[in-house]
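Enquirer: Everything below, folded, please.
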Amino acid sequence: MAIHLHRIVSVNKVPKGYFAVYVGENQKRFVIPVSFLNQLQFQKLLGLSEEEFGYSHFTRGLTIPCNEDMFLQVTFCLN
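Expert: Residues are numbered from 1 along each chain as shown. This is a model prediction of the structure:
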């Protein structure tokens, strides 16, 4: 099974049922399904974000403070 994470260059283009997150030191943007929010593994990544940034951090969107490889491994398991 192949992983299908959408990487979209335009900040404004997020398909219905998806949302954008920024991952890693380079803030690589990924567009992922909203259904991931119900998954325990993804909720753990959100917990990392809460611990590091709190609920009001000043970036362009939701930032996940892990490396891209870890993020891809987690999302691969969720697909």
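
Enquirer: tell me what the lengthiest helix in the chain is packed against?
Expert: Identified as the longest helix of the chain according to DSSP state H is helix 40-53. Judged by 3 or more Cβ pairs under 8 Å, 6 or more residues apart in numbering; DSSP states H and E, the packing partners of helix 40-53 are strand 62-64, helix 68-78. Any C-beta I mention is one placed from the backbone N, CA and C, and that applies to glycine too.

Enquirer: Mind listing what's buried along that helix?
Expert: By neighbour count on 16 or more other Cβ atoms under 10 Å, the buried set for helix 40-53 is 42, 45, 49.

Enquirer: related to what we said a few turns ago, among the helices and strands packed on helix 40-53, which is nearest Gln27?
Expert: strand 62-64 (6.9 Å; Cβ to Cβ).

Enquirer: What is the distance between that closest one and the centre of its chain?
Expert: 6 Å (Cα atoms, centre = their mean, to the nearest Å).

Enquirer: for the protein, which spans come out with low pLDDT?
Expert: 1-12, 54-59 (pLDDT under 70).

Enquirer: Does Lys16 belong to a helix, a strand or coil?
Expert: Secondary structure, DSSP: H, G, I helix; E, B strand; the rest coil: Lys16 is coil.

Enquirer: The residue most central in space within the chain is in what secondary structure piece?
Expert: Against the mean C-alpha coordinate of the chain, by Cα atoms, centre = their mean, the closest residue is Val21 at 3.7 Å. Element membership for Val21, per DSSP states H and E: strand 18-23.
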